[in-house]
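Asks: Pasted the sequence and its predicted model underneath.
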Amino acid sequence: MRNVVRILSLVLIAVASGTKFSFLSLNVFLAYIPLELSFQISNANNKYLKIILSLFFVLFFPNIPYLVTDMIHMDMLKIYDYSNGMSSEAARAWLLIILLFLAIFGFVLIGFGELLKQIRDLKLNLVVQWLLTFFVCGLSSLGIYAGRFSARLHSVDFLLDPLKVIQMIFFEWSLVKVKLLVVLLFLHIAIIGLIELNRRMHYSQSSRRL
C-alpha cells in the first residue's frame, strides 16, 4: 500500500509538471513528505528517532490540507462561462480539474488517516488524544495561513530561518488572521469528523454482520 502511495505521488508530480497546474508538482511533493515520515515513524524502533520524525511530521503536515486551498487555481481554466451558464467541453481542462481533485482527495484522505493513526498509536487517554489532535490541527491552520496568505512561507523556510517564521506565525496577529484561522480549523475538524463518521458507519455495519 505504501509503495502505491509513493508511485501515485510520483505520477501526479510528473503529470502536473507539464500543465497549467505545474505548481501542483511542488505542492504534491511537499504533501508527500509527511506521508513518508508517517510511514517511517511506524517502522522506527528507536524512541528518540520516533520523536524526531514526529516533529518533522507535524512541521510538514500543513502541506496536506494546504492542497485544498489550491482549488482557487481552477479559474485559470476558464471552464465555466457565467454569461450563458455553459461549461467548456475541453477534455484537457476537465482532465486537469480531475487531476487536482484526485490530488486533494487522495492526500487529504490518506494524510489525515495517518495523523489519526499516529495519535492513536501513542495509546493516550481518549480525551488527551482529541486534545492533541485539536492542537496539531491548530498548528496546521497556522501553517496554511502562513503559506497561502501574508508572507507566503514554505515548510523549508522553517528550517532556513526558524526565528523569522516563528515571529510571523505566532507573534503577528490581526482580526483577519483570526477569522481565517477559524475557517481553516473548521476545515480540519470537518475532515476528521467525516473520516470518523465513515469509520463508525463501517464498524456498525461489520458489527451487525457478526
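Replies: Okay, I see it.

Asks: Return the residues in contact with the residue positioned nearest the centre of the chain.
Replies: Computing the C-alpha centroid of the chain and ranking residues by Cα atoms, centre = their mean puts Ile64 first, at 1.6 Å. For Ile64, the contact set (Cβ atoms under 8 Å, 6 or more residues apart in numbering) comprises Ala31, Pro34, Leu35, Phe107, Val108, Gly111, Phe112. (Each C-beta comes from the backbone N, C-alpha and C, glycine too.)

Asks: one more time with 6 Å
Replies: Contacts for Ile64 (Cβ atoms under 6 Å, 6 or more residues apart in numbering) come out as Ala31, Phe107, Gly111.

Asks: so which of those residues would you say is closest to Ile119?
Replies: Gly111 (13.0 Å; Cβ to Cβ).

Asks: if we can go back for a sec, leaving out the residues flanking it, which one is nearest to the residue nearest to the centre of the chain?
Replies: Gly111 (3.6 Å; Cβ to Cβ, 6 or more residues apart in numbering).

Asks: ok, and that neighbour, which helix or strand is that part of?
Replies: Take DSSP states H and E as the rule and Gly111 turns out to sit in helix 91-120.

Asks: gap between the residue nearest to the centre of the chain and Ala44?
Replies: 20 Å (Cβ to Cβ, to the nearest Å).

Asks: try Asp70
Replies: Distance from Asp70 to Ala44, by Cβ to Cβ: 31 Å.

Asks: now swap in Leu26 and tell me
Replies: 27 Å.

Asks: same question, Ile33
Replies: Taking Cβ to Cβ, one finds Ile33 at 16 Å from Ala44.

Asks: again, but for Ser83
Replies: Per Cβ to Cβ, Ser83 is found 57 Å from Ala44.

Asks: Sketch out the low-pLDDT regions of the chain for me.
Replies: 202-210 (pLDDT under 70).

Asks: Quick one: list the elements packing against the helix holding Gly111.
Replies: Secondary-structure packing of helix 91-120 (3 or more Cβ pairs under 6 Å, 6 or more residues apart in numbering; DSSP states H and E): helix 23-43, helix 63-69, helix 126-148.

Asks: Can you mark which positions in stretch 130-140 are buried?
Replies: Using 16 or more other Cβ atoms under 10 Å as the test for burial, stretch 130-140 gives Thr133, Val136, Cys137, Leu139, Ser140.

Asks: can you put the helices and strands packed on helix 91-120 in CSV and add distance to Arg2?
Replies: Putting the helices and strands packed on helix 91-120 into CSV (distance: least, Cβ to Cβ, whole Å) gives the following:
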stretch, distance to Arg2
helix 23-43, 5
helix 63-69, 16
helix 126-148, 22
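
Asks: deepest of those, which one?
Replies: When you average the neighbours per residue for each of the helices and strands packed on helix 91-120 (mean count of other Cβ atoms under 10 Å), helix 63-69 leads with a mean of 22.

Asks: And the contacts of the helix or strand hosting Arg6?
Replies: Assessed by DSSP H and E, Arg6 sits inside helix 2-17. Applying Cβ under 6 Å, 6+ apart, the contact partners of helix 2-17 are Leu24, Ser25, Val28, Phe29, Tyr32, Phe39, Ala103.
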